[in-house]
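Asks: how would this look folded up:
(one chain, ligands or ions: 1)
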Amino acid sequence: MINQELIIKAAQMISESQYVVAFTGAGISAESGISTYRDKGGIWDKYPEGSSGGIMSVISNHPEDAPQILMGVFRSLKDAAPNPGHNALVELEKMGYLRSVITQNIDNLHREAGNKQVLELHGNALRLRCLECGKQQIYEREPYFRMMTGLISQTGPFSIQEMIKSLPLCKCGGHTRLDAVTFGEAVQDYPMAQKEAQACDMMLILGTSGVVYPAAAMPDYALSKGAKLIEINPKKSPFTKNCDIFLEGKTGELLPEIVIALKNILRC
Ligand code: APR
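Replies: Below is the predicted model of the structure:
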């Protein structure tokens, strides 16, 4: 049951804000068919070591499962499309009520939905980065996933090293790698993201368990500058206690309601 009173209160707070920033996690893509990491059935629920060691720790512990795990990840990314939660953030940006999206997600869905200022702390799984010159190359979905699933299912015993070596070379001739950040690697766009979090007077915390740092420091930066926090999540998180509003539910259902309520407020 959607709490309309809280929806209107959240819309009211957004309408009174000067600088709104969204901080998103896997939950906002759950309704696009990409399972979250730590919910029941998620990849880290099945392979707990991944929660602190990432996909490479899972692959080294379960080499026999590697092709099927990677195929599952790429298939869900391939079939995904922006959902009403992503689209509501684009609407907020178009209305002038969202300055940037800081995301932990690597699925490219905020960009595909149409948000212009997207900071991808954990990189982007649809992008390859050159190990020589550092050039980042984003790929079109279809050909990219055809290539990736082809590399995973190529004959012979699966080897992650062989798969990486078979990725397309950069124009400079250098080898490339998936431009997604794995545990122990430096996150991307951090200085910009920190600046955005410290500049905002309102942060929307959308679909994250808030357990992975340094990304999970974003709401702390916002709070340290006196920002208000609104969280949307079916479950409470470590952020909930500091939020001005906690909306229990799905981003794909609640964000569009907030946009409708905001439009009604602006019409008055
Ligand atoms: N709408 C909103 N939130 C949802 C929805 C939904 N439809 N479905 C699930 N959630 C919430 C869950 O309750 C949970 O709090 O989304 C959150 C997902 O948490 P995680 O699976 O831990 O994902 P995330 O917080 O993004 O993980 C952060 O961990 O392994 C790393 O690199 C990975 O970027 C990831 C990081």
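Asks: ok, for residue 55, nearest residue in space, not its chain neighbours?
Replies: With sequence-adjacent residues excluded and distances taken as CB to CB, 6 or more residues apart in numbering, residue 55 is closest to residue 182, at 6.4 Å. Glycine gets a C-beta too; all of them are placed from N, C-alpha and C.
Asks: contact partners of the lowest-mean-pLDDT helix or strand in the chain?
Replies: Lowest on mean pLDDT, DSSP states H and E among the helices and strands of the chain sits helix 160-165, with a mean of 87. By CB atoms under 8 Å, 6 or more residues apart in numbering, the surrounding residues in contact with helix 160-165 are 56, 59, 66, 70, 151, 152, 175, 177.
Asks: and the end-to-end length of stretch 76-94?
Replies: Counting by CA to CA, to the nearest Å, you get 28 Å between the two ends of stretch 76-94.
Asks: likewise for stretch 188-207?
Replies: 20 Å.
Asks: run through who's touching the lengthiest helix in the chain.
Replies: The single longest helix within the chain, with elements called by DSSP state H, is helix 251-267. By CB under 8 Å, 6+ apart, the surrounding residues in contact with helix 251-267 are 2, 4, 7-8, 10-12, 14-15, 24, 27-28, 30-31, 83-85, 87-89, 91-92, 95, 97, 206-207, 232, 247.
Asks: what's the nearest residue to residue 151 if we skip its chain neighbours?
Replies: residue 163 (4.9 Å).
Asks: the one you found: neighbouring residues, count only.
Replies: Using other CB atoms under 10 Å, the number of residues around residue 163 comes to 17.
Asks: could you do residue 133 as well?
Replies: The local packing of residue 133 (other CB under 10 Å) involves 11 other residues.
Asks: might you report the residue contacts of it?
Replies: By CB under 8 Å, 6+ apart, the neighbours of residue 133 are 170, 172, 174.
Asks: hang on, the earlier thing: taking the contacts of helix 251-267 one by one, which sit in helices?
Replies: Cross-referencing those against helices under DSSP H gives 4, 7-8, 10-12, 14-15, 84-85, 87-89, 91-92.
Asks: among those, which ones lie close to the ligand?
Replies: Among the ones in helices among the contacts of helix 251-267, no residue sits close to the ligand (CB under 6 Å from any ligand atom).
Asks: need the buried ones from those selected in ChimeraX.
Replies: Buried residues within those, by 16 or more other CB atoms under 10 Å, are selected in ChimeraX with:
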select :7,8,10,11,14,15,84,85,87,88,89,91,92
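Asks: with respect to residue 40, which of the ones in helices among the contacts of helix 251-267 is nearest?
Replies: For the ones in helices among the contacts of helix 251-267, the closest approach to residue 40 (CB to CB) belongs to residue 85, at 20.2 Å.
Asks: which residues does the closest one contact?
Replies: Per CB under 8 Å, 6+ apart, neighbours of residue 85: 28, 31, 206, 207, 250, 251, 252, 255, 256.
Asks: unless I misread the structure, residue 126 falls within a strand.
Replies: Yes: counting by DSSP: H, G, I helix; E, B strand; the rest coil, residue 126 falls inside a strand.
Asks: that one contacts residue 144, doesn't it?
Replies: Yes: using CB atoms under 8 Å, residue 126 is in contact with residue 144, at 5.9 Å.
Asks: and those two? which has more neighbours close in?
Replies: residue 126 (24 against 21).
Asks: please name the nearest non-neighbouring residue to that one.
Replies: Closest to residue 126 by CB to CB, 6+ apart is residue 108, at 4.6 Å.
Asks: my read: the one you found touches residue 125, true?
Replies: Yes: using CB under 8 Å, residue 108 is in contact with residue 125, at 7.2 Å.
Asks: for residue 103, what are phi and psi?
Replies: phi -120, psi 150 (degrees, to the nearest 10).
Asks: burial of it, as a residue count?
Replies: The burial count for residue 103: 32, using other CB under 10 Å.
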